[in-house]
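[1] Take a look and give me a structure for this.
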Amino acid sequence: MNSYWLHGWATDRLVFKEVIDRLPALYKRGAKTCDLPGFGAAAPLGKGETYAGRILSQISAGEHTGEDTALVGWSLGALVALEAAYALGTRLRALVLISGCERFSRSAANPHGTDRRRLEVMCRSLRSHPREVLEEFCRGMFDDYEPGGWERFRLEFWSRYRDQSPEPLIEGLGFLARMDLSERTSRITAPVLILHGKRDRVIDPRLARTLERTLPNATLVVLDSAGHMPFLGREEEFAQLIGDFFKSDTPD
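    Numbers count the residues shown, from 1 in each chain. Presented below is the predicted three-dimensional model:
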């Protein structure tokens with residue numbers, strides 16, 4: 001099985017390295033980490049291009065292997081994975097959503113989403129003092145019940161992510177503000193594993209329960225004492241959960 005791993009806002013493909021390294025050999029070989037447009041080593045979005053479109057192009061380029069396709073997305077990457085999953089239809093073998101939702105921004109129909117005004121403030125602030133915005137966000141990914149979460153992130157990732165260009169970050173926030181997949185989610189028939197931290201302060205856990213209700217073939221696992229980046233420090237557990245899920249949905 002080929003699996004495509006899509007990272008969250010303000011990070012890149014390297015956030016998944018420790019989880020993938022612990023996957024069973026069969027699934028580790030097929031794991032492909034992807035930098036979303038404008039992040040890591042990936043070129044920014046071109047005119048008329050979309051995040052999901054870029055990922056679908058990468059998947060199409062690898063289809064000659066004849067292997068089944070799975071998507072793994074975290075946060076922003078989970079929303080992109082959902083959009084790509086809808087486009088793939090029956091070609092998708094499995095989907096894993098970590099700290100995900102079908103709609104990020106708040107509305108009357110989505111009362112547990114994030115206020116768009118907060119995203120607008122972040123966009124303005126990114127133009128004047130991006131490092132401060134990034135640090136506040138990254139600290140906020142970890143709940144008070146995760147001792148050492150921010151410290152570990154700071155040691156392993158902060159020097160890599162602290163000096164990013166504002167434009168791709170603003171583009172990502174715009175995507176989060178406008179994307180609404182609530183009309184498509186119920187049409188995704190592939191098996192889905194939803195993994196969400198009980199103490200996520202970025203994406204409310206109630207949005208994970210909405211996904212569970214809407215997706216026809218979904219299983220939700222809520223992780224106690226975990227925030228928005230629940231796999232950091234739990235790499236072995238996540239590799240086990242995802243490996244078992246892939247195994248259960250792979251034909252003999």
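
[2] what's near enough to touch the residue nearest in space to the middle of the chain?
    The residue lying closest to the centre of the chain (C-alpha atoms, centre = their mean) is residue 74, at 1.7 Å. Residue 74 makes contact with 6, 7, 8, 15, 16, 98, 99, 100, 229, 231, according to C-beta atoms under 8 Å, 6 or more residues apart in numbering. For glycine as for every other residue, the C-beta is placed from the backbone atoms N, C-alpha and C.

[3] who wins for neighbours among these?
    Using other C-beta atoms under 10 Å as the neighbour test, the contacts of residue 74 are led by residue 98, with 32 neighbours.

[4] all helices in the stretch 51-200 of the chain, in order from the N-terminus.
    Along the stretch 51-200 of the chain, counting by DSSP state H, counting those that start in this stretch, helices occupy 51-61, 76-88, 116-128, 130-140, 149-153, 159-161, 166-178.

[5] Deepest-packed of the ones you listed, please.
    Across the helices of the stretch 51-200 of the chain, averaging neighbours per residue (mean count of other C-beta atoms under 10 Å) puts helix 76-88 on top, at a mean of 25.

[6] so that one versus helix 51-61, what angle?
    For helix 76-88 against helix 51-61, the angle by axes from the mean of the first three to the mean of the last three C-alpha atoms, to 10 degrees is 60 degrees.

[7] Show me the contact partners of helix 76-88.
    Helix 76-88 is contacted by residues 5-9, 36, 50-52, 55-56, 59, 69, 71-73, 92, 95-102, 104, 172, 175-176, 179, 181, 184-185, 187-188, 190 when judged by C-beta under 8 Å, 6+ apart.

[8] Swap in 7 Å and give it another go.
    If you take C-beta atoms under 7 Å, 6 or more residues apart in numbering as the criterion, helix 76-88 is touched by 6-9, 36, 51-52, 55-56, 69, 71-73, 92, 95, 97-102, 104, 172, 176, 179, 181, 184-185, 187-188, 190.

[9] What about the contacts of residue 74, which are in helices?
    Members of the contacts of residue 74 lying in helices (criterion: DSSP state H): none.

[10] ok, so of the residues you listed, who is nearest residue 141?
    The closest of those to residue 141 turns out to be residue 229 (C-beta to C-beta; 4.7 Å).

[11] related to what we said a few turns ago, okay, the contacts of residue 74 in CSV with distance to residue 206 and pLDDT next?
    Formatted as CSV, those follow (distance: C-beta to C-beta, whole Å; pLDDT from 0 to 100):
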residue, distance to residue 206, pLDDT
6, 23, 98
7, 23, 98
8, 19, 98
15, 24, 98
16, 26, 98
98, 16, 98
99, 13, 98
100, 13, 98
229, 19, 97
231, 21, 96
